[in-house]
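> Next one to model:
(one chain, ligands or ions: 1)
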Amino acid sequence: MSGSGGSRRMPVAVLGATGSVGQRLVSLLADHPWFEVAALTASDRSAGKRYGDAARWLLPDPPPARIADMAVLPTEPALEPRLVFSALDAGVAGPVEAELARQGHVVVSNARSHRLDADVPLLVPEVNADHLCLVAQQPYGSGAIVTNPNCSTIGLTLALGPLVDAFGLERVHVVTLQAVSGAGYPGISSLDMVDNVVPFIAGEEEKLEVETLKVLGTVRDGSAGPHVAAAPFRVSAQCNRVPVLDGHLECVSVTLARDAALDAIRGAWEAFCGEPQALELPSAPRRPVHYVDGNDRPQPRLDRDVERGMAVAVGRLRPCPLFGHKFILVTHNTVRGAAGGAILCAELAVARGLV
Ligand code: NAP
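Residues are numbered from 1 along each chain as shown. Here you go, the predicted structure:
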């Protein structure tokens, strides 16, 4: 493995490799300096097929030839690689991931199944790298489960983290305009989506309201070991599906605990960096939060790819007569909000010696 400078890459498995997030994982891992895709799994519908035939490829560049020729394995707990990325449908992810962890695998998951387990880190590496210590509480021996938050929560917490650090937070209100790729493939019927906005995404508002508080929570030592005390403010979310391919836009209003000038807030975002930047992890954006000037920015099409889709674009910071301040953010939901975010979590786990 070359995470510490060697020449051999660490073999990894991708579960749910044929789906929308699985494809992003395959594509981002193709040239990864530390990791090499060694196993791909999906449902019984795909198992046994050549990956290039099983995956209905949705990305502009074709799958790498070596990976396209690999056979898709059934999603069963008999995998060689120790490090496993899960992009499984949440309906099946929970028990599969737990069984793999029991067998000694380190599972980095995009699925919601284990996100709120008390002993599972819900990781946004720039914001809460210290939450990785929770894995010591897990009953899996040398195995572990680490999770990536919901795609909207990742963008929101990257923007809120610097504000919590610099000024404290009292209240957050967020309205999301979420891309169709967030619903996987084939996702939402075109008859529902064309010429339309759907003001409901099952479970999404609850995830934003709860996961944000876990990510921004504080590790405390208790008699039973470390646990995360949820952040002490409230989040209210309204989530909408809009006819955009990739990139979630979020309209955010906040009440800060200490009032701050617009310049100071912008300065906190621009100065923000975390452990991935200090460790120079391969997938880390140079700066996790980019402020975009212009009264009509950020926009999904123009700003979702900032720093290869790994940073969040923030803009239109202005006073809010109800909350104090308001702004807009855009985050790439399948890159930073899923596959790229999971790879960054895995890089942190490797750098910290967990794998
Ligand atoms: P998707 O496109 O529907 O892909 C689901 C994957 O799971 C496919 O590879 C599918 O294989 C596999 N699968 C389905 N049923 C299975 C079963 N019974 N056994 C084994 N494999 C099975 O979904 P997605 O959008 O990529 O999302 C994957 C996960 O990431 C979900 O948990 C989702 O909530 C989460 N997530 C998604 C996003 C996003 O922006 N899309 C963001 C954050 C998190 P087949 O192709 O063989 O059916």
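
> Show me where the protein has its helices.
In the chain, the helices defined using DSSP state H lie at 20-29, 51-54, 65-68, 90-102, 125-128, 151-167, 190-193, 204-215, 262-271, 275-278, 300-303, 340-351.

> Enumerate the residues of the stretch 201-350 of the chain near the ligand.
If contacts are counted using CB under 6 Å from any ligand atom, the residues of the stretch 201-350 of the chain sitting beside the ligand are 333-334, 337-338. Heads up, the C-betas are built off the backbone N, CA and C, glycines and all.

> Please type out the ChimeraX selection for whichever of those residues turn out to be buried.
Written as a ChimeraX command, the selection of buried residues from these, which uses 16 or more other CB atoms under 10 Å, is:
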select :333,334,337,338
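
> one step back: could you dump the helices of the chain into CSV with mean neighbour count added?
Below are the helices of the chain laid out as CSV (neighbours: other CB atoms under 10 Å):
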stretch, mean neighbour count
helix 20-29, 25
helix 51-54, 19
helix 65-68, 14
helix 90-102, 18
helix 125-128, 25
helix 151-167, 24
helix 190-193, 12
helix 204-215, 21
helix 262-271, 15
helix 275-278, 17
helix 300-303, 18
helix 340-351, 25
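
> Now distance to Leu249 too, for those, in JSON lines please.
Formatted as JSON lines, the entries for those read as follows, by distance: least, CB to CB, whole Å:
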{"stretch": "helix 20-29", "distance to Leu249": "19"}
{"stretch": "helix 51-54", "distance to Leu249": "32"}
{"stretch": "helix 65-68", "distance to Leu249": "32"}
{"stretch": "helix 90-102", "distance to Leu249": "24"}
{"stretch": "helix 125-128", "distance to Leu249": "20"}
{"stretch": "helix 151-167", "distance to Leu249": "9"}
{"stretch": "helix 190-193", "distance to Leu249": "16"}
{"stretch": "helix 204-215", "distance to Leu249": "14"}
{"stretch": "helix 262-271", "distance to Leu249": "17"}
{"stretch": "helix 275-278", "distance to Leu249": "24"}
{"stretch": "helix 300-303", "distance to Leu249": "6"}
{"stretch": "helix 340-351", "distance to Leu249": "18"}
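
> Which stretch among the ones you listed approaches Cys320 most closely?
Nearest to Cys320 among these is helix 262-271 (11.4 Å), distances taken as CB to CB.
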